[in-house]
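# Structure of the sequence below:
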Amino acid sequence: MFDQQAIEASLRTAGIVMLDFVWPSPALPASAAWMLTACLPEDGRTDRTFDLDEPDLVGLANDAWWQLVVEYDLLDEDRRFLVSVGPVDQVTPARPHWARVRLERDWNIVGGGVDNGVLGGPPGRPGFVMLSLNEGVLIGGTTWNDSIGIIALPNPVAASAIRKFVDRL
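Model prediction:
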């Protein structure tokens, strides 16, 4: 389990600055956002997938992440967004939560960012979910047996898998 300082340090390696360690999301709990990979193309899901043996895996995945960030407006005008982190130490049951963060000009989400575990790991093996402040888009990175994926989902609270998960909370 990570503490707040370790999470902040890990995010800094990705070029992400922590603004608020805990940020409430009235419509989409961070635990529900992890259902992103269960969402379907009919929900609006867009995938960019890369084989693990791709020579420039980290570069291609970072480029795909940025393209989806721009296309779907993950960042606000000050480059802020939410990222799932946690759980908070000593909280039972242990659940991830949203942290409000800012993306620096120099970033490496799928490389350095996943090196310390908060955004996945090891480098080139992402595992993260990020939400726009207006909760209009969810972007995630995931690792499968032989590939990785960067995924965007507009209007995530309307996606069937996420809606079912939220209804059970």
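# May I have the residues that are in contact with residue 164?
By Cβ atoms under 8 Å, 6 or more residues apart in numbering, the contact set of residue 164 is empty. Placement of C-beta: from N, CA and C, glycine included.
# Wasn't it part of a helix?
Yes: judged by DSSP: H, G, I helix; E, B strand; the rest coil, residue 164 forms part of a helix.
# Return the distance of it relative to residue 100.
Plainly put, residue 164 is 27 Å away from residue 100 if you go by Cβ to Cβ, to the nearest Å.
# One more: residue 26?
On the measure of Cβ to Cβ, residue 26 and residue 100 end up 14 Å apart.
# Give me the more crowded residue out of these two.
Between residue 26 and residue 100, counted using other Cβ atoms under 10 Å, residue 100 has the larger neighbour count: 17 against 7.
# Residues in a beta bridge with the more buried one, which ones?
residue 20, residue 82 (DSSP bridges).
# give me the beta-bridge partners of the residue most central in space within the chain?
Central residue of the chain (Cα atoms, centre = their mean): residue 129, 2.1 Å from the mean position. Here residue 129 sits in beta bridges with residue 140, as judged by DSSP bridges.
# quick one, what contacts it?
Listed by Cβ under 8 Å, 6+ apart, the contact partners of residue 129 are 30, 33-34, 36, 83-84, 138-140.
# Kindly report the same for residue 69.
Counted by Cβ under 8 Å, 6+ apart, residue 69 has contacts 75, 139.
# Would you mind measuring from it to residue 79?
Going from residue 69 to residue 79 by Cβ to Cβ gives 10 Å.
# This structure: strands as residue ranges?
Listed in chain order, the strands of the chain (DSSP state E) span 16-20, 46-51, 80-85, 97-103, 128-131, 137-143, 147-154.
# what mean pLDDT would you report for the longest helix that the chain contains?
For the chain, the helix reaching the highest residue count under DSSP state H is reported as helix 57-72. Mean per-residue pLDDT for helix 57-72: 97.
# Give me the buried positions along that helix.
The neighbour-count criterion (16 or more other Cβ atoms under 10 Å) identifies 57-58, 60-62, 64-65, 68-69, 72 as the buried residues of helix 57-72.
# same deal with stretch 37-54?
For stretch 37-54, the neighbour count (16+ other Cβ under 10 Å) marks 39, 43-45, 48, 50 as buried.
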